[in-house]
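In: here is a sequence with its predicted model. Questions after.
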Amino acid sequence: MRRREFLALAGAVPFAKAAAPAPASKMAADPQRPQYHLLPAANWMNDPNAPIYWQGNYHMFYQYNPNGAYWGDMHWGHAVSRDMVHWKHLPVALAPTPGGPDKDGVFSGCAVVDDGGVTAIYTSVNPETQSIATSSGDLTDWKKFAGNPVIAAPPAGLQVTGFRDPDVWKEGDTWLMAIGSGFRQKGGAVLLYGSKDLRHWNYLHPLVTGHVKPGTSAKDPVDSGEMWECPDFFAIDNTHMLIHSTERVVKYLMGAYQDRELHAQSMGVLDHGCYYAARTMANVGDRHILWGWITEARSADAQRAAGWSGAMSLPRELKLYGIQVQMRPAPEVEKLRGKKLGGDAEGDSIEILAEVDPGKANRAGISVRVAPDRSEQTPIYYDREQRMIFVDRSQSTSDPSADRSIQSGPFMLGREETLRLHIFLDGSVVEIFANDRFCLTSRIYPAGRRSTGVELYSSGGDASLASFEAWEMRPISPDRLTS
Ligand code: DQQ
């Protein structure tokens, strides 16, 4: 999909005819609206911002437009949880200050624990600069620093494609800040700054610079990989990992961190679907809990009419397995399990753990949201020849505004390996984990109330189920988090 289409689906393009916002009662009964994923009570959300554990609670902030279900007028929405799965909405944490550096929006950023409280570091736009705000206690009352912005411009002499989405951590007595950036026809980059007090910052050098193919350029440098958004940098076991978002996916680089530069030895894509701007949670010890924005895949008009847009992914725990990144739903997600279902499991708010033996089949997997007459269905399968996992959305819905393209990502089963699909269905959200090393988040909008079937899928031979478990998932609020 080209970026313009993506933005149209994302709601960024203003439409002449705005649909009237949906009332909360309609949203609470909306079968497409998730029941156990975090999303604001109404309106638009995008990137997770500053997920942090603080004084017994997990706090989630996120890009939020209080005016409607479309991108714009960025604020930091706020929700709090004791366990990372049950959330309560809190008032907006950060709003633009008229006449201030963030008058045009409080864009993405992070938070760190400092001086008995929490400091948020975020981007302001027009021009892109970095600012800070401090809070303590329940993190509902934020004070913006009078000296904002703390970084007023990109490094002198550098022609950058962007300058946003800070990530901050501490090494000894020095704070380091990584800022998403890049260079035309060269590649995305992350710029590194240092500080002793979070208020005065010195530019050091690029933490790492990517490489695009010669001649690569796009009007929007995010489309071509000439700009990296939302960097997130951390040590994982004995290596270092840099997550960043570009070309509409979340990527990672892994390697050695020496002299404050990352020497990447491997790279990959963390999720091949509707998932962007991912960031790990701060202050959770040795754990690496990743959160991502689950993007929509239907028209901007449909989003406005629904009255909500975007959802937060389930917490995803990252570990290293050899040199491979292991990705699993955080164990806390099991708390959401309700009634255990049998082999005839069905539903639109369920968790499925299916182990599929492809046997002689060329394609093997599981179909979800299958209608009794098969008019709607979404096969999720491994293709042995192509060495890919596919999510076939061509029959997912009759909604003409929904994206029905087939999603895919590279994946290979070992000789004796079975396909272990871990699937979360929640209204229009489908989160898929395969063999703990492949993720694809999808969006589908089945129209039929009875499009709830789950089936074994195979083609070019017979596959079989080696094991199958499923659970109903408990909603995290009585009204789909509309209050
Ligand atoms: N979203 C934010 C930016 C970031 C982008 C604005 C990524 O700060 O670069 O809402 O989705």
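Out: Yes, it's here.
In: show me what counts as buried in the helix or strand containing residue 320.
Out: Secondary structure assigned from DSSP states H and E places residue 320 in strand 316-321. Burial within strand 316-321, assessed by neighbour count using 16 or more other Cβ atoms under 10 Å, is assigned to 316, 317, 318. Placement of C-beta: from N, CA and C, glycine included.
In: that one packs against which elements?
Out: With contacts taken as 3 or more Cβ pairs under 8 Å, 6 or more residues apart in numbering; DSSP states H and E, strand 316-321 sits against strand 229-236, strand 289-294, strand 324-329.
In: next up, the contacts around the residue most central in space within the chain.
Out: Per Cα atoms, centre = their mean, the C-alpha nearest to the average position across the chain is that of residue 292, at 1.7 Å. Counting by Cβ atoms under 8 Å, 6 or more residues apart in numbering, residue 292 makes contact with 48, 250, 270-271, 275-279, 312-313, 316, 441.
In: where do the helices of this protein begin and end?
Out: For the chain, helices defined by DSSP state H occupy the ranges 3-10, 24-28, 221-224, 300-306.
In: using PDB, write out the CA atom coordinates for the last one.
Out: Meaning helix 300-306. Output of helix 300-306 as PDB, limited to C-alpha atoms (Å, rounded to 0.1, in the frame of the first residue of the first chain):
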ATOM      1  CA  ALA A 300     -11.400   7.100   7.000                       C
ATOM      2  CA  ASP A 301     -15.200   7.600   6.600                       C
ATOM      3  CA  ALA A 302     -15.900   4.200   8.200                       C
ATOM      4  CA  GLN A 303     -13.600   5.100  11.100                       C
ATOM      5  CA  ARG A 304     -15.300   8.400  11.700                       C
ATOM      6  CA  ALA A 305     -18.700   6.800  11.500                       C
ATOM      7  CA  ALA A 306     -17.600   4.100  14.100                       C
END
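In: picking up where we left off before, can you flag which of the contacts of residue 292 belong to strands?
Out: Per DSSP state E, strands hold the following members of the contacts of residue 292: 48, 250, 270, 271, 275, 276, 277, 278, 279, 312, 316, 441.
In: on that earlier part again, where among the helices of the chain is the average confidence lowest?
Out: Lowest mean pLDDT of these: helix 3-10, a mean of 44.
In: residues of the stretch 251-400 of the chain that sit close to the ligand?
Out: Contact residues (Cβ under 6 Å from any ligand atom) of the stretch 251-400 of the chain with the ligand: 276, 277.
In: try 5 Å
Out: Contact residues, the stretch 251-400 of the chain versus the ligand (Cβ under 5 Å from any ligand atom): residue 277.
In: mind checking the end-to-end distance for stretch 62-70?
Out: 14 Å (Cα to Cα, to the nearest Å).
In: what distance separates that stretch from the middle of the whole chain?
Out: Its chain's C-alpha centre and that of stretch 62-70 lie 16 Å apart, by Cα atoms, centre = their mean, to the nearest Å.
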